[in-house]
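Novice: Pasting a predicted model and its sequence here:
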Amino acid sequence: MSHASPHPESVRLTDTAHGGGCACKIPPGELEQVVAGLGPQTSGDVIVGLDDGDDAAAVRVRGDLAVLSTADFFTPVVDDPFDWGRIAAANALSDIYAMGGTPTVALNLVGWPREVLPLEMLTEVLRGGVDVASRVGCPVIGGHTVDDPEPKYGMAVTGTAHPDRLLRNDAAAPGLPLTLTKPLGLGVLNNRHKSTGEVFAEAVEVMTALNAEASAEAVQAGLRAATDVTGFGLLGHLHKMCRASGVGAVVDRASVPLLDGAERSLTEGFVPGGSRRNLDWVRPHVRPGPGTSEEDLLLLADAQTSGGLLVVGELPGHPVVGETTAEPGIAIR
């Protein structure tokens, strides 16, 4: 439920930023060029590093314990500051869950235009973050703030996992089902919200829902490969996982769940620039089947904020949206 915020009604958080949520990420192709210039960043204790662009880093500290580390922050995706804080926290924690881990501690990351937005509003943002982290017993014990022309909020999160039971994006094998645990369409709905002020309660509920249960179920079932679907869209994150694992995939478009209003928002033009950039990046690796429209591809590439897990394997209660294959690339049927 949204909370009444203490700021003047004339101030809209989403008006203070050029983009919203994970749609404001640097495009995947550009980001990979930047990271490629760093060279190998590994040692004997690093289990998961920069190589495959996984969701979090994993370092072995003893035979049965790996420490996971991640950071995620973004510009406002909704106007309610408490909800923005909840969404950003759920999104940051998701990287730990995408690796099959348990969050242990979190630190706030804040950029705030202190001459533009009241500090009371920042308090609401931080309250939202604590509210979500406290659901899973993850203390938020500090952080860092800077005076910034645009508001930004997120968290650096440390977690733990068993080194032999990690969910990784390079561990997919062919011939297995692909499960998606949240519906798509968050990018276009958030873009509509930014443009019109219309509030989508279902989208807020989805973005604030944690991936903790799905992650635990995947680990318990002995599954080995997963990623979360955020700023690079379903197609972008699936492509990264297929590339890292040396497999391909087929996506059954009709089986992919969509949020109410997502298709209408797309046809009415509320498409984030990040979603278009995602599709441009992944298009060379996609084979659209008969009847697959440009609109279908845009929704499959839609930049999600705090989206679900894409798991290689079947999780009861969640839709199977395709399968992995031995043939490279992503086919859409």
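Specialist: Nice, thanks for sending it over.

Novice: Now do stretch 298-318: distance from first to last residue.
Specialist: From its first residue to its last, stretch 298-318 covers 22 Å (Cα to Cα, to the nearest Å).

Novice: per-residue confidence averaged over it?
Specialist: Summarised as a single mean, pLDDT over stretch 298-318 is 97.

Novice: again with stretch 263-273
Specialist: For stretch 263-273, the mean confidence score works out to 95.

Novice: before we move on, what about stretch 116-132?
Specialist: pLDDT averaged over stretch 116-132 gives 97.

Novice: Now do the buried residues in it.
Specialist: Across stretch 116-132, burial judged by 16 or more other Cβ atoms under 10 Å covers 117-118, 121-122, 124-126, 128-132. (Glycine included, C-beta is placed from N, CA and C.)

Novice: Now intersect the residues you listed with the helices, please.
Specialist: 121-122, 124-126, 128-132 (DSSP state H).

Novice: how many other residues sit next to residue 316?
Specialist: Residues near residue 316, counting by other Cβ atoms under 10 Å, number 7.

Novice: can you give me the strands for this structure?
Specialist: 46-48, 57-62, 65-74, 102-112, 140-147, 152-161, 177-180, 225-228, 248-251, 286-288, 309-312, 320-325, 330-332 (DSSP state E).

Novice: Output the ones you listed as TSV; include the columns distance to residue 242.
Specialist: Output for the strands of the chain, formatted as TSV (distance: least, Cβ to Cβ, whole Å):
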stretch	distance to residue 242
strand 46-48	17
strand 57-62	20
strand 65-74	22
strand 102-112	27
strand 140-147	35
strand 152-161	23
strand 177-180	10
strand 225-228	10
strand 248-251	5
strand 286-288	11
strand 309-312	10
strand 320-325	7
strand 330-332	7
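
Novice: So residue 11 versus residue 79, what's the distance?
Specialist: 9 Å (Cβ to Cβ, to the nearest Å).

Novice: Which one's more surrounded, those two?
Specialist: residue 79 (21 against 15).

Novice: which ones are touching the residue most central in space within the chain?
Specialist: In the chain, the residue lying closest to the centroid (Cα atoms, centre = their mean) is residue 230, at 2.6 Å. For residue 230, the contact set (Cβ atoms under 8 Å, 6 or more residues apart in numbering) comprises 22, 91, 94, 237, 303-307.

Novice: Pull the most distant pair out of those residues.
Specialist: Farthest-apart pair in the contacts of residue 230 is 94 and 303; separation 14.6 Å (Cβ to Cβ).

Novice: Run through the helices of the protein in chain order.
Specialist: 28-36, 81-98, 119-135, 186-196, 201-208, 212-220, 233-245, 262-267, 273-282, 294-300.

Novice: any idea how far the residue nearest to the centre of the chain is from residue 76?
Specialist: In terms of Cβ to Cβ, residue 230 sits 16 Å off from residue 76.

Novice: And for residue 107?
Specialist: 20 Å.

Novice: So which of these two has more stuff around it?
Specialist: Neighbours per residue (other Cβ under 10 Å) separate residue 107 from residue 76, with residue 76 holding more: 29 against 16.

Novice: got the contact list for residue 282?
Specialist: 233, 235-236, 239, 301, 330.

Novice: Need the buried ones from the residues you listed selected in PyMOL.
Specialist: Remark: buried members of these, expressed as a PyMOL selection using 16+ other Cβ under 10 Å:
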select buried, resi 233+235+236+239+301+330
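
Novice: which parts of stretch 253-266 are buried?
Specialist: Neighbour counts using 16+ other Cβ under 10 Å place 253, 256, 259, 261-262, 265-266 of stretch 253-266 among the buried residues.

Novice: Tell me the span between the first and last residue of that stretch.
Specialist: 16 Å.

Novice: now stretch 291-305
Specialist: 28 Å.

Novice: same question, stretch 255-262
Specialist: Using Cα to Cα, the two ends of stretch 255-262 sit 15 Å apart.

Novice: Other residues contacting it?
Specialist: Under Cβ under 8 Å, 6+ apart, the answer for stretch 255-262 is 180, 182-186, 188-189, 192, 200, 202-203, 206, 234, 299-300, 302, 319-322.
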